[in-house]
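Q: Everything below, folded, please.
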Amino acid sequence: MKKALAIGIATAFITISLAGCGSNSSNASSSGAYKDGTYKAEQAAFDEHGYKGQIEITVKDGKITDVLYNEVDKNGKFKRDDADYASKMKAKNNITPKEVDEKLQQELIDSQDTSKVDTVAGATESSKTFKELADEALKDAKK
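A: You can find the predicted model right below:
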């Protein structure tokens, strides 16, 4: 009985250990399997602050090489360039829109996977919008 139990436990341990070694080949972002090109997405409406997100992602040799994310108002002015907004955000959250954009962009380039981009403290909505737009833009880039 003890021998059967030991074999059962060992088999379960091996099965669980090997399960973590598998890969999900259907996830194009983790395999770097993007089609080269430039992909864009934009929010349909402006948020309560009067901005809407826009993203442009460049893929070269199957990898994300450049990301440009902006939030723009109805006059075409970028949130990252609004000194008054940046000052208020820095005082409240200790980060500016430009710093948020740069952090999100770099994380996507480094990870090649939107699910691995962390939410930036003090910029939850911008982080959420960034990831949603990146997913939208990259759906056309997946092989």
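Q: Strands along the protein, start to end?
A: 37-42, 52-60, 63-72 (DSSP state E).
Q: what's in contact with the shortest one?
A: Same thing as strand 37-42. Contact partners of strand 37-42, identified using Cβ atoms under 8 Å, 6 or more residues apart in numbering, comprise 52-59, 133-134, 136-138, 140-141. Quick note: C-beta positions are derived from backbone N, CA and C, even for glycine.
Q: still on that earlier bit, turn the strands of the chain into TSV, including distance to T129, mean pLDDT and mean neighbour count.
A: Formatted as TSV, the entries for the strands of the chain read as follows, by distance: least, Cβ to Cβ, whole Å; pLDDT from 0 to 100; neighbours: other Cβ atoms under 10 Å:
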stretch	distance to T129	mean pLDDT	mean neighbour count
strand 37-42	10	97	15
strand 52-60	4	97	20
strand 63-72	7	97	18
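Q: Return, as residue ranges, the portions of this structure with sub-threshold pLDDT.
A: 1-32 (pLDDT under 70).
Q: give the contact list for the residue minimising distance to the centre of it.
A: Centroid-nearest residue in the chain, with Cα atoms, centre = their mean: T114, separated by 2.9 Å. Counting by Cβ under 8 Å, 6+ apart, T114 makes contact with S29, L108, K131, A134, D135, L138.
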